[in-house]
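Peer 1: sequence and computational prediction follow.
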Amino acid sequence: MKVWNRLSKTVSLREAATAIFGLSALLPLLLLVAFLSRHNLLLKLEAQLSILAALVLAVFGFVALRRMVDRISSLVRALEAPTATDATGSAGEIPIPGLGAVAEIGQLRDFLARLLVDIRSSTERLEDLVFKIGTLNETVELAARIPELQDLLALVLERTMRAVRGTVGSIMLLDRDRQKLRIVAARGVTDSVLADVELRVGSGIAGRVAQHGDPILVENIESDPRFAKDHHPAYGGGSFICMPIRVADRIIGVINLARREHGMPGLGGASSFTPTDLQFLNALMTYVAYALDNARLLEEALQSAKQLREVVQDQELRLTVAQQQMVQAEKLESVGRLAAGVAHEVKNPLMILLTGIKYLSKRLPTEDDSVKQVLEDMSDAVERADKVIRGLLDLSAPRELDMKLEDLNPIVEQSLLLVKHDLDRGQINAIKKLEDNLPPVTLDSFKIQQVLVNLFTNAIHAMPEGGMLTVKTYRRPPGGGGADDPLADVPTPEGAVGVEVDDTGTGIPGDKLKKIFDPFFTTKPTGKGTGLGLSISRQLVEMQGGVMDIRNRAEGGVRATILFKLQEGGK
Ligand code: ADP
């Protein structure tokens, strides 16, 4: 066991030489002595002399071997010792005990050191190549499985940068129609720096690579006179690669890589990209470009499908609105026809009734209060009936408009005056917020007054316990109203002038809101409402090119809004 332990331990050259000598010189001698004694030859003088001579020779041999082994050991120790480098940088002579200073030993050691560096550098290059081939396989395989363009770009950029040790990188795709390169993925720089970068084909480094299709490898981009002026500062100084990405002979974009990481000093770990990096990129882009192009086509197809869906939805919406308008128009037309007939039939008898009542009020004794009351009630009832008839005629008759360029504020003031009595009686506080210097608008002032009075009357009816009526006029800028504009979707390219009528009344229940513009829709008791006010008002506003909206206010009550679009030149 001891012998085995001894053998398995590292032995020095001396020990090894002694062992070898023992086995190769002494063992045969001992065998010879054993052989001679077995055959009783050992007593012969010749045999004894020859054994002695063999022993002396063995001792000499052993001494010579030991000396040689000692020198080899010294030589090895000398190779291991640090070199005394002279001023010229070449290795000095190395003193070997027993041999003195031997120049060849220093040279031999230098040679071995260089060999070692070469071997390490080759190993590193080999490892780098293996890593690159691994990356190539892995990326190509993954690329075939990722359909999303953005995910694919991120993967390709990350793997590529890792393989060539770039710390900053970007991928730009070519917009063929606009002939522009746009950054679609970036790493190592804040996104915002490169987010808006667009390059025309032919300008800048990437632009030229996309135009000519030749890759560029630069040692130091900042000091290279060919590229320094076109260089984007976000990539920093140092080495730079720009490689085209092509599908067959079509260039679809470029990949930029910059600021290479340092590797092991002195072992190919320079901070410049190498031709091997360029070859690797070339191979990788050849395979990956197809996946990128496919992902891009897929994205474009999805985008087109989405746009198409939106167009279809939009058309569906328009169709529904048009259908609703047609139904409304049909309703109005039939109501109009009906109204015209009724009006003709009822108007004259009503007039006769009214004249009769007036005649009777003069002729009958005035002391009898009950008779007086009956006559007054009859007169009111006939007047109400006449009002309905007039409303019906308004709705049906083709109206003549008297359109003029008018200021809106005086029309609002005049309309408020007309309902002043009702406001006071209903204990309603009217607040005016009329904007100065509104541009005049083309409208029929009498008809708009009629519309406003109707809105005010509705508001007054909605506040039986009193409240607040706020009337505001304002100018809407060409770009549209603010975020809370109820008519935000109404385009007014030249701007508009608007009126808002707010009340603090009951509001309109959600299920009724859709019906308020329907002719004859009313929630008011018989005698108070005809249900024609809003349908006539909206018709009047729209005939003058305006828009009308009514909705509940978040804080309670209702807001009615009318917009009069300004024509070119702000009128
Ligand atoms: P009418 O006033 O004769 O009822 P309109 O067409 O003017 O007819 O109004 C229709 C209905 O709309 C009203 O009956 C009422 O229910 C509702 N409405 C209109 N304006 C308001 C308002 N400011 N507040 C509450 N409800 C309103």
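Peer 2: Sure thing, it's come through. Bear in mind the structure is a predicted one, so any value in this text is a computation, not a measurement.
Peer 1: which strand or helix spans S271?
Peer 2: In this assignment (DSSP states H and E), S271 forms part of neither any helix nor any strand.
Peer 1: do the same with L350
Peer 2: Per DSSP H and E, L350 falls inside helix 275-363.
Peer 1: same for that helix, what does it pack against?
Peer 2: In terms of contacts (3 or more Cβ pairs under 8 Å, 6 or more residues apart in numbering; DSSP states H and E), helix 275-363 is packed against helix 103-143, helix 149-164, strand 216-218, strand 240-247, strand 250-260, helix 369-396. For every residue, glycine as well, the C-beta is placed using N, CA and C.
Peer 1: all strands of the stretch 351-500 of the chain, in order?
Peer 2: Taking DSSP state E, counting those that start in this stretch as the criterion, the stretch 351-500 of the chain carries its strands at 404-406, 428-434, 441-443, 467-476, 496-503.
Peer 1: how about the residues of this protein by the ligand?
Peer 2: Contacts of the chain with the ligand, taken as Cβ under 6 Å from any ligand atom, map to 454, 458-459, 462, 503, 505-506, 508, 516, 521-524, 529-531, 533-535, 558.
Peer 1: give me that answer again for 8 Å
Peer 2: Within reach of the ligand by Cβ under 8 Å from any ligand atom, the chain has these residues: 454-455, 457-459, 461-462, 501, 503, 505-508, 512, 515-517, 521-524, 528-537, 550, 557-558, 560.
Peer 1: G507 is in contact with E555, isn't it?
Peer 2: No - under the criterion of Cβ atoms under 8 Å, G507 makes no contact with E555, lying 10.1 Å away.
Peer 1: neighbour count for the two, which is higher?
Peer 2: The neighbour count for G507 versus E555, taken as other Cβ atoms under 10 Å, is higher for G507 (16 against 8).
Peer 1: tell me who's in contact with the closest residue to that one other than its chain neighbours.
Peer 2: Closest residue to G507 apart from its sequence neighbours, by Cβ to Cβ, 6 or more residues apart in numbering: N552 at 4.6 Å. Applying Cβ atoms under 8 Å, 6 or more residues apart in numbering to N552 gives the contacts 507-508, 513, 558-559.
Peer 1: list buried residues within the residues you listed.
Peer 2: Neighbour counting with 16 or more other Cβ atoms under 10 Å marks 507-508, 558-559 as buried within the contacts of N552.
Peer 1: quick one: contacts for the closest residue to A206 other than its chain neighbours?
Peer 2: Closest residue to A206 apart from its sequence neighbours, by Cβ to Cβ, 6+ apart: V254 at 4.8 Å. The contact partners of V254, taken as Cβ under 8 Å, 6+ apart, are 171-172, 181, 206, 209-210, 242-245.
Peer 1: ok, M243 - how many residues close by?
Peer 2: M243 has 24 nearby residues by other Cβ under 10 Å.
Peer 1: surely it touches F280?
Peer 2: No - M243 lies out of contact with F280 (Cβ under 8 Å); the separation is 10.0 Å.
Peer 1: please report phi then psi for the residue nearest to G529 when sequence neighbours are not counted.
Peer 2: The shortest distance from G529 to any non-neighbouring residue, by Cβ to Cβ, 6+ apart, is to T522 (3.8 Å). Backbone torsions for T522, taken as degrees, to the nearest 10, come to phi -150, psi 150.
Peer 1: contacts only, for T522.
Peer 2: T522 neighbours (Cβ under 8 Å, 6+ apart): 529-531.
Peer 1: closest one of the residues you listed to the ligand?
Peer 2: Proximity of the contacts of T522 to the ligand was ranked by Cβ to the nearest ligand atom; the top entry is G529 with 3.0 Å.
Peer 1: what's the following helix or strand after the worst-scoring helix or strand of the chain on mean pLDDT?
Peer 2: Sorting the helices and strands of the chain by mean pLDDT, DSSP states H and E puts helix 2-8 at the bottom, at a mean of 52. Moving toward the C-terminus from helix 2-8, the next helix or strand (DSSP H and E) is helix 13-21.
Peer 1: helices and strands around that following helix, which ones?
Peer 2: Checking 3+ Cβ pairs under 8 Å, 6+ apart, helix 13-21 ends up next to helix 45-80.
Peer 1: report the angle between the helix it packs on and helix 13-21.
Peer 2: Here the directions of helix 45-80 and helix 13-21 differ by 160 degrees (axes from the mean of the first three to the mean of the last three Cα atoms, to 10 degrees).
Peer 1: by mean pLDDT, show me the worst of the helices and strands packed on helix 275-363.
Peer 2: Across the helices and strands packed on helix 275-363, helix 369-396 has the smallest mean pLDDT, namely a mean of 78.
Peer 1: which strands and helices lie in contact with it?
Peer 2: The contact analysis (3+ Cβ pairs under 8 Å, 6+ apart) places helix 369-396 against helix 275-363, helix 533-543.
Peer 1: now these as CSV including mean pLDDT, mean neighbour count and distance to R384?
Peer 2: Below are these laid out as CSV (pLDDT from 0 to 100; neighbours: other Cβ atoms under 10 Å; distance: least, Cβ to Cβ, whole Å):
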stretch, mean pLDDT, mean neighbour count, distance to R384
helix 275-363, 81, 14, 10
helix 533-543, 88, 20, 14
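Peer 1: just the buried ones out of the contacts of T522, please.
Peer 2: Counted by 16+ other Cβ under 10 Å, these give 529-531 as buried.
Peer 1: give me the neighbour count for V189.
Peer 2: Residues lying near V189 (other Cβ under 10 Å) number 21.
Peer 1: ok, it to the ligand distance?
Peer 2: To the ligand, V189 is 59 Å away according to Cβ to the nearest ligand atom, to the nearest Å.
Peer 1: that residue and T167 touch, don't they?
Peer 2: No - using Cβ under 8 Å, V189 is not in contact with T167, being 9.6 Å away.
Peer 1: mutual contacts of the two, please.
Peer 2: With Cβ under 8 Å, 6+ apart applied, the contact sets of V189 and T167 do not overlap.
Peer 1: and the pLDDT at V558?
Peer 2: 96.
Peer 1: who are the contact partners of it?
Peer 2: Neighbouring residues of V558 by Cβ under 8 Å, 6+ apart: 458-459, 462, 502-503, 505, 507-508, 550-552.
Peer 1: and those residues, which is closest to L416?
Peer 2: For these, the minimum distance to L416 (Cβ to Cβ) is 11.3 Å, reached by A459.
Peer 1: which residues touch the closest residue to F446 other than its chain neighbours?
Peer 2: Leaving out its chain neighbours, the residue that sits closest to F446 by Cβ to Cβ, 6+ apart is D402, at 6.8 Å. By Cβ under 8 Å, 6+ apart, the contact list for D402 reads 444-447.
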